[in-house]
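Chemist: Fold the following, please.
(chains A, B and C)
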Amino acid sequence: MTTVRSRLLPYLLLAPSVAFLAALFLVPLIQTITLSFSEDGVPSLANYTRMVSDLNFGLAVRNTFLLVLTVVPIQIVMALAMAMMLQKLPRGRDVVLWIWTIPLGISDLAAGLVWLAILQDRGYLNSALYGLGLIDGPTAWLTYETPVALFFGVLVAEVWRATAIVLVILFAGLQLIPKEYKEAAEVFGARPWTTFVRITLPLLKPSLQTALILRTVLAFEVFAVVYAIGGTNFPVLVGEAYNWQRNYQNTGVAAAYAMLIVAISLGATVVFLWALRTKPEQQA
Amino acid sequence: MTFTRRLSPAARLMGAGIVAGALLGPMVPASAQQQDVVFLSTQLRPIEEAQKVRSVILKGFPGKVTYLVEEPPAFDVRMKAEGQAGKRTISLAGALHGELQPLVASGDLTPIDDIAAKLKDRGIPASLMDLGKLGTQQQMYIPWMQATYIMVANKKALPYLPAGADINALTYDQLEAWGKAITEKTGKRLIGFPAGPKGLMPRFYQGYLYPSFTGGVVTPFQSAEAQAMWAKFKGLWQYVNPNSTSYDFMQEPLMAEEVWVAFDHVARVKDALTQAPEEFVTFPAPAGPKGRGYMPVIAGLAVPKNAPDAAGAAALIDFISKPETQVKTAAEVGFFPVVKATLPADLSPGIKLIAEGVDKTQNAKDALPALLPVGLGDKGGEFNKVYSDTFQRIVLRGEDIKTVLAAQASVLKGLMEATKAPCWAPDKPSQGACPVN
Amino acid sequence: MNALRRTVYFTGIVALCAWVLVPIYFIALGAFGGRIGVFRWPKSILPTDTSLAAMQLFLQVEGVGQAMVNSIIAACITMALSIALGAPAGYALARFTFPGQNAYRLLILLTRAFPLAILALPLTVAFIRIGLYDTAFGVALIHTALALPFAALVSASLFQAIPRELEEAAWVFGCTRLQAFLKVVLPLALPGIAATAIFAFVISWNEVFAASVLTVRNRTLTAYLLTVLAESPLHFRFAGGFLLIVPSIVFIFAVRKYLFAMWGIANR
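Modeler: Residues are numbered from 1 along each chain as shown, chains lettered A, B, ... in the order given. Below you'll find the model as predicted:
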């Protein structure tokens, strides 16, 4: 009796959220999948051929991957460093934590505006460079003629906006590592770096996994900031999906883009789940 | 003990959320049930304009109006969704010709011939009323207000005009020479176009560039004239500010002096003109070998099918198309009357600049009006994409003109055949789908 | 050596604070700089042109108060729902090995991986039919779908990091599973869960798309401002952006003790 119940328990705990998502998300999702594989009501791959042959498709794929592969590692390293620094802080931890988590509350659109104010021709960056005598006047950094500068602009804005989420997840995880482990390591004379690599990091694996998965999935979803800064010069996958849906009013191709994004995100998730797996029994 | 103490603040926080949700959630819809005409518009969205609509333009209307604004894509979703679900909240929709067109295909508009009949004596030109039929036999919208695109130049650019050029009768060659002179003297590229993600650049190709050089929009898409035109435009682009692909509105780059010479919709340069009327001049877009192409912009008022307050909507349309309301609209927000009405002499200097630019455009000797696309249904966006992609490939990526035009022409052909849209001016009328030669 | 390290350490902390705060200061300058300030060159780091005009106009726009109330309602419901649904799921993921748990993880991530705008039309139609259209509650439901993956995954890693032995010890002392959870596990996890709830609140507060498509009159503040904002002159956009940032900053400040409470546990 008890065993049956405890075997059912996890499913009972999951049931409400599954029911909720099924009603709210899966039904329209299935409609959309069907839509992506049909043309005028007939099953067809036309939407996918249309997507792949589009002018911006290759660029969007390249830009999206470039962005995710640079932004996510930078954010993980930064957030990890910030969390470790925070832990050592003798006083004023709550104020510093508060300041570092402020970007959590900032929407994509506002973040795009913030960085536009800094990076545009007459922005604060150019004003500073001008003050230092490095440039002669307003200079454009965000055009199709300066793709490298443009990419760095988008990168910096993304790192600024979304590192706080990683920080909070990792910081919360760090709190839950029992102090005794570190004390033991210190007793045996381990150097701080060794303690970090051998003890902290492995124990932080569940939090790292969560942070990586969430951040990667969210990074594939980015476009408001990118479009605020890069205009039409830096197409990304989600931006293309929105364009097809909203500007070209072709829901079929938009749905095809959406399916591609989901497939890539799921692929990344599976990789992280596998690479950072921890068995519950091995838990500290 | 310690545990319970720690538990309490967080628990209170969440408890408060649950209570607030449970108490307030169900009460919300009840509060919105007031008798008012919900007027949803894709036009006059910027905050100052929307406030003027509420507090000045619609002020004298006897009933209660809720004026709401929405970006075009969300407008489209909302209109279609309300139709599919069979429950309307919107009684009056105000949008551009091109934004109302897909709603005919989806059956979300109700014919309003009766309202059109009542407004006969207002003097709305027959050509405008015809556009309001959106390719059907019945009146689908009543023209609301009109606008067009103009060029704006900072007065600092005027000394660089090529010798003998009349700013009000420029050609594309002269515009290029002008840009070249400016770049040579200042070292900067100071011509600007709204080619950003939300910019209206496709209208420039369809209403200005193509008609001026080829005398058409669809049929001569890949003609020899079109090839020469793209080569010409690519030459001009050397003097265009590379930030152009991020500009949605030209008023800001104009005010920031990032550009000195710009092309855009009047509503999108209005802020610069009203803020600093003494710094700018307005003039028509350049002319090509076939004339001076220009495209009128028409916004219309339509009544959705099963509108909750159709009578209120009719009354509101009647009110909005009164000459005095129309004049007020022009004076306040810079969109011009569709009815017979004389603008007051005391227009503010910025609005006056707009009026002059529009007037010089419409009354130019070589003016070549390009009508708005009719009959494209929900393919209007993809139609625009054909032109933007062509620009992207030829001008920005430097691909071979002939190859690009041939490839894009086949996409365009597919669109025209799918929608069976007949040609519109300045293309020659066609039987059936407009041909792409 | 030690002094050098301390200097580097504190410089790092200050630099990272500046990294977050300085850009916000710049947008504040833009918001209060008026029309002219936006175009000034070179820009000054100090406030030079100050004007409250843009801010005032925003606060005078009809319906801002009601929109604010709608935003708070939607965010509170989102917070409550996403914890109520997500925390049990997180516990299940952390404590049990069972067939289908990875499938579940994938399912909830799918909601975040799928661009919401693509679902707008089917969702809107469905909401109108059920009568959830144009209500703060309806908006909250969609926002819950967005916040749920956070709630479930973050609480899973929270529960996972609470030693199993503590719970098992409680069983040994005669607690039922539920009692052990309530008395031992929950108090340890609560601060983290509270922090998760705050994210849910913030996610809802900032979400524009669903909020603007699913409502007509009962707009949330973000949706209400942004539809008006999108095509307004730059200084209005800065003002609007700033106006949206402020409540989030205040809210995170108000609950910083909960974020901080996590520290208390580890230091115990």
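Chemist: Give the buried residues for the helix or strand harbouring residue A:269.
Modeler: For residue A:269, the element it lies in under DSSP states H and E is helix A:251-275. Buried residues in helix A:251-275, counted by 16 or more other C-beta atoms under 10 Å in any protein chain shown: A:251-262, A:264-265, A:268-269, A:272-273. In short, each C-beta sits where N, CA and C put it, glycine included.
Chemist: What average pLDDT does stretch A:172-185 get?
Modeler: For stretch A:172-185, mean pLDDT is 80.
Chemist: With stretch B:139-159 instead?
Modeler: Stretch B:139-159 comes out at a mean pLDDT of 95.
Chemist: Just the CA trace of that stretch, in CSV.
Modeler: Taking Å, rounded to 0.1, in the frame of the first residue of the first chain, the C-alpha atoms of stretch B:139-159 are listed here in CSV:
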residue,chain,number,x,y,z
GLN,B,139,-18.1,50.1,-48.6
MET,B,140,-15.7,48.5,-46.1
TYR,B,141,-14.3,51.6,-44.5
ILE,B,142,-14.9,55.3,-44.5
PRO,B,143,-11.8,57.4,-45.2
TRP,B,144,-10.6,59.0,-42.0
MET,B,145,-7.6,61.1,-42.7
GLN,B,146,-4.7,61.2,-45.2
ALA,B,147,-1.0,61.8,-45.3
THR,B,148,1.9,61.1,-47.5
TYR,B,149,5.7,61.0,-47.5
ILE,B,150,7.9,64.0,-47.8
MET,B,151,11.5,65.0,-47.8
VAL,B,152,13.0,67.1,-45.0
ALA,B,153,16.3,68.9,-45.1
ASN,B,154,18.2,70.8,-42.5
LYS,B,155,18.9,74.3,-43.7
LYS,B,156,22.6,73.7,-43.2
ALA,B,157,22.5,71.3,-46.2
LEU,B,158,21.1,73.9,-48.6
PRO,B,159,24.4,75.5,-49.6
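Chemist: And residue 171, which helix or strand is it part of?
Modeler: Unless you meant another one, I'm taking chain A. Going by DSSP H and E, residue A:171 is part of helix A:147-175.
Chemist: if you could check chain C rather than the one you did, that'd help
Modeler: Using DSSP H and E, residue C:171 falls in helix C:164-172.
Chemist: just the helices in the stretch 151-300 of chain B please.
Modeler: Per DSSP state H, counting those that start in this stretch, the stretch 151-300 of chain B carries helices over the ranges B:172-186, B:201-204, B:210-214, B:224-237, B:251-255, B:270-275.
Chemist: is the shortest one up against chain C anywhere?
Modeler: What it means is helix B:201-204. No. Helix B:201-204 stays clear of chain C (C-beta under 8 Å from any C-beta of the partner chain), getting no nearer than 15.5 Å.
Chemist: right, and the helices of the stretch 151-300 of chain B - which one's nearest residue A:132?
Modeler: Closest to residue A:132 of these is helix B:172-186 (C-beta to C-beta; 23.5 Å).
Chemist: For the residue lying closest to residue B:204 once chain neighbours are set aside, grab the count of nearby residues.
Modeler: Nearest residue to residue B:204, sequence neighbours excluded (C-beta to C-beta, 6 or more residues apart in numbering or on different chains): residue B:263, at 6.2 Å. By the criterion of other C-beta atoms under 10 Å in any protein chain shown, residue B:263 has 23 neighbours.
Chemist: so after the helix holding residue A:171, what's the next helix or strand?
Modeler: helix A:179-187.
Chemist: Below-threshold pLDDT in the stretch 101-250 of chain C: ranges please.
Modeler: Per-residue confidence for the stretch 101-250 of chain C (pLDDT under 70) gives these ranges: C:227-230.
Chemist: Tell me the residues of it that contact chain B?
Modeler: C:120-121, C:124-126, C:128-129, C:131, C:133-137, C:140, C:183-184, C:186-188, C:190-191, C:193-194, C:197, C:201, C:212-213, C:216-218, C:227-234, C:236.
Chemist: Please list the members of the residues you listed that lie in strands.
Modeler: Of those, none are assigned to strands by DSSP state E.
Chemist: If any of these are buried, give me the PyMOL selection for them.
Modeler: Buried residues among those (16+ other C-beta under 10 Å), as a PyMOL selection:
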select buried, chain C and resi 120+121+124+125+126+128+133+134+135+136+137+140+183+184+186+187+188+190+191+193+194+197+201+212+213+216+217+218+227+228+229+230+231+232+233+234+236
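Chemist: In helices only, show me the residues of the stretch 101-250 of chain C next to chain B.
Modeler: Among these, the ones falling in helices (DSSP state H) are C:120-121, C:124-126, C:128-129, C:136-137, C:140, C:186-188, C:190-191, C:193-194, C:197, C:201, C:212-213, C:227-229, C:234, C:236.
Chemist: Secondary structure element for residue 58, which one?
Modeler: You didn't say which chain, so I picked chain A. With DSSP H and E as the criterion, residue A:58 is inside helix A:57-88.
Chemist: Chain C, not that one
Modeler: Counting by DSSP H and E, residue C:58 is found in helix C:53-60.
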